[in-house]
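1. How does the following fold in three dimensions:
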Amino acid sequence: MKKVELLSPAGNMETLLAAIKGGCDAVYLGGKAFGARAFAKNFDDNELKEAVKICHLYGVKIYVTANILVYENEIKEFLNYLNFLYEIGVDAVIMQDLGMMALAHKLIPNLEIHASTQINCHNKESIDFLKKIGVSRVVLARELSSEEIKDLGSKMEIEVFVHGALCVSYSGNCLFSSLNGGRSGNRGMCAGSCRLPYDLLKDGKEVKEDGKYLLSTKDLCLASNLKDVLDLGVSSLKIEGRMKSPEYVEYVTHVYRRLIDEYYKNGNPQIKKEEILNLKKLFNRTFTSGYMFDDNIYNIKSPNHLGSYLGEIIKIEKGKIYIKLDDDLRQEDGIRFVLENKGMIVNKLYDEKGLLKNMIKKGNVAVVDNKVNLKSKSIVNKTIDTELLKEIDDIKMSKINISMNVLALEGGPLEVTISDGIYTVKKSIGVLEKALKQKMSIDEVREKLCSMGNYPFTVNDFKIKMDNVFIPVKFLKEIKRECADALINKRCEVHNKVSFDYKKSLVNGHDENKLSVLIRSEEQLKWILDKDVRIYTEDFNLYKKYKNYDIYYKLPRIMHNFPDFKGERLLVSEIGSVYKYARDNKVIGDYPLNVVNSETAKLLQKMGCEIVTLSPEILNIAEVQKYVRNTETIVYGRCDLMILKDFYDKENGLSLRNNVGNIFPIINGDYTTILHHENIDRNALGNERILLYNEKKDEVLNILEKHKISLD
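-> Okay, the predicted model is just below:
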């Protein structure tokens with residue numbers, strides 16, 4: 001049985017070392033460019049080289065994120081970056097851009113490619129698509145249930161998230177931050193729109209809810225479900241957290257390492273109560289087992305770190321807060337008063353008698369200064385535990401087990417061979433002579449050779465064949481150093497070299513210049529039926545009723561069941577539908593396929609899409625159209641900002657209002673769609689698309705007229 005991989009995050013070198021100390025099998029991290037965490041510290045090129053060496057020295061794989069959408073003018077630079085990563089020995093690259101995946105596989109065929117969760121892979125057909133373009137592993141959408149994951153089979157390596165922050169939207173399908181603030185999640189600059197407060201409206205009137213953070217999710221924690229996760233047979237368990245502290249990464253990794261090892265030892269890993277408590281102290285927005293185990297993912301009360309329960313306030317008087325403790329409290333711990341949502345560091349800590357203390361045990365009353373002007377009694381949580389941080393810091397880096405064979409015979413050299421089970425190094429030095437006085441004992445030789453000092457090795461198997469010889473101590477020191485250095489070099493050496501020449505060719509002519517319209521009702525359809533337009537509808541019954549016209553059925557954004565369509569006209573939004581239907585149907589690729597460059601457009605056309613819709617995030621439409629034909633551009637309408645598996649309120653007629661008064665309509669159905677608060681309104685070359693929402697007849701006709709459609 002192949003053991004599952006434990007994959008940990010690293011936002012900088014300190015966190016990388018913490019992940020290794022915690023016991024990870026692999027780390028994922030980002031360079032200074034092209035990663036989906038642009039605001040992490042990340043690694044420059046020299047740090048990336050050093051990170052590869054450190055990881056490989058400790059037998060840890062290293063995956064680098066290049067998981068953003070790549071604009072046309074960045075393609076060459078992006079490919080050069082991938083080539084750099086390959087040549088320094090990175091074990092895999094995590095990617096989102098479909099065109100770049102296919103191109104990288106063609107130009108750097110030995111580069112291992114992992115498909116990011118930003119791809120929104122949630123069905124077998126998506127896996128087939130990715131396999132065809134050279135992907136070896138896929139990070140699944142976090143919305144999949146355990147049964148759905150099991151049904152995917154083992155066509156490819158599967159990676160799933162087990163701990164950390166959750167996106168409320170299907171990853172890669174969120175335009176909220178991009179269209180409302182110019183910071184694209186698909187470009188690594190998510191502004192966290194889901195963590196902001198909103199009012200819920202029902203038919204335009206505010207609905208009072210038990211919290212304002214209506215899109216904010218809990219944090220995933222599958223430590224209690226790990227046996228069920230491992231029974232699925234996935235290849236890798238992923239911890240989220242490239243923006244988290246080294247202590248967080250180290251301890252979370254440490255806990256999951258223990259649980260995984262326990263699973264393979266006795267088949268039934270059990271999380272300890274103390275471990276769950278510590279995980280909460282390090283960071284949590286309350287824990288959930290997520291969609292994998294059909295758990296509620298929303299925490300609408302707070303988007304912040306909540307910590308763990310510390311106790312309750314029993315009184316507030318004379319600038320002091322009295323807390324009855326359910327956990328120990330120390331100076332410099334962090335606490336949060338839940339009702340007023342105020343936090344502070346405990347700089348001074350007193351007992352009930354007013355005496356300064358550095359620690360007060362649980363069960364007693366602790367007194368702290370009222371630095372935050374607290375007025376209400378409430379529950380108190382601990383958000384920083386200094387003792388826990390010290391315990392984590394005391395965890396030692398594991399040593400690498402090696403075997404050592406020593407040959408010390410008269411008339412020959414001192415010969416030492418060491419092996420880590422993969423690489424073997426053999427060194428010799430000098431010529432040994434018979435000992436004239438007392439010879440060095442085997443125990444003395446063992447002690448001097450096996451004492452590895454600052455080297456990351458520990459000798460767990462020592463063998464020696466030794467005559468009555470004199471061995472100079474300097475021989476032992478020198479040969480140990482040479483062997484250890486040589487083994488380090490073996491574990492870290494890289495031989496990757498590749499060269500390629502990427503060229504683009506211009507295309508002649510123009511797109512057919514046809515207008516398409518997405519309608520929401522039969523009434524809207526009838527208003528435009530006599531116009532020279534292509535019609536899209538999400539209503540299959542409408543599609544069948546008007547099939548004699550130029551009408552396309554818009555497939556759902558999320559596909560788990562695939563009807564047996566043949567000879568139909570389809571607008572598809574995810575790669576599984578492209579793979580399933582493009583051969584036997586007339587297929588147009590929709591904008592959720594995230595096309596921002598000509599390579600992705602060409603790939604989708606090669607896979608069977610007759611027309612490809614460009615992403616609303618594209619910067620320069622004309623630049624892409626120089627290299628590819630048959631594209632469509634959205635010129636008017638409300639784009640989908642988020643696609644949610646569900647929303648905690650399933651009613652119809654709902655909308656969200658942000659703190660500046662913008663209103664975002666919600667469409668609830670098999671999944672939840674949140675629409676933009678305003679219409680895109682622009683012109684473009686080639687095929688143009690209009691997205692209708694609730695416009696009336698005169699508005700629709702005016703929009704058509706603006707885009708040069710005859711109203712005769």
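2. Quick one: list the elements packing against the helix or strand where residue 479 lies.
-> Per DSSP states H and E: residue 479 is located in helix 473-492. Helices and strands touching helix 473-492, by 3 or more C-beta pairs under 8 Å, 6 or more residues apart in numbering; DSSP states H and E, are helix 45-57, strand 414-419, strand 424-429, helix 442-450. (Glycine included, C-beta is placed from N, CA and C.)
3. Buried residues, the first one. List them.
-> I take that to be helix 45-57. Residues 47-49, 51-57 are the ones in helix 45-57 that count as buried (16 or more other C-beta atoms under 10 Å).
4. Need those residues in a markdown table (columns: pLDDT and distance to residue 88).
-> Listed next are these as a markdown table, based on pLDDT from 0 to 100; distance: C-beta to C-beta, whole Å:
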| residue | pLDDT | distance to residue 88 |
| --- | --- | --- |
| 47 | 96 | 11 |
| 48 | 96 | 6 |
| 49 | 96 | 5 |
| 51 | 97 | 9 |
| 52 | 97 | 5 |
| 53 | 97 | 9 |
| 54 | 97 | 12 |
| 55 | 97 | 11 |
| 56 | 97 | 10 |
| 57 | 97 | 14 |
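5. and residue 218, how far is that from residue 282?
-> Going from residue 218 to residue 282 by C-beta to C-beta, to the nearest Å gives 15 Å.
6. now swap in residue 373 and tell me
-> 28 Å.
7. more neighbours, these two?
-> The neighbour count for residue 373 versus residue 282, taken as other C-beta atoms under 10 Å, is higher for residue 282 (24 against 8).
8. For residue 305, see how far away the more buried one is.
-> In terms of C-beta to C-beta, residue 282 sits 9 Å off from residue 305.
9. And residue 100, by the same measure?
-> Taking C-beta to C-beta, one finds residue 100 at 35 Å from residue 305.
10. buried ones in stretch 442-462?
-> For stretch 442-462, burial by neighbour count (16+ other C-beta under 10 Å) applies to 445-446, 449, 452, 455-457, 459.
11. which of the residues you listed lies closest to residue 181?
-> The shortest approach to residue 181 among the buried residues of stretch 442-462 belongs to residue 456, at 45.3 Å (C-beta to C-beta).
12. Surely the closest one touches residue 400?
-> Yes: the pair residue 456 and residue 400 passes the contact test of C-beta atoms under 8 Å, sitting 5.4 Å apart.
13. pretty sure residue 335 is in a strand, no?
-> Yes: counting by DSSP: H, G, I helix; E, B strand; the rest coil, residue 335 falls inside a strand.
14. For residue 40, give me the pLDDT.
-> Note for residue 40: predicted pLDDT of 63.
15. which residue lies farthest from the center of the chain?
-> residue 436 (66.1 Å; C-alpha atoms, centre = their mean).
16. Tell me how far that residue lies from residue 510.
-> Distance from residue 436 to residue 510, by C-beta to C-beta: 95 Å.
17. Relative to residue 204, how far out is residue 590?
-> For residue 590 relative to residue 204 (C-beta to C-beta), the value is 30 Å.
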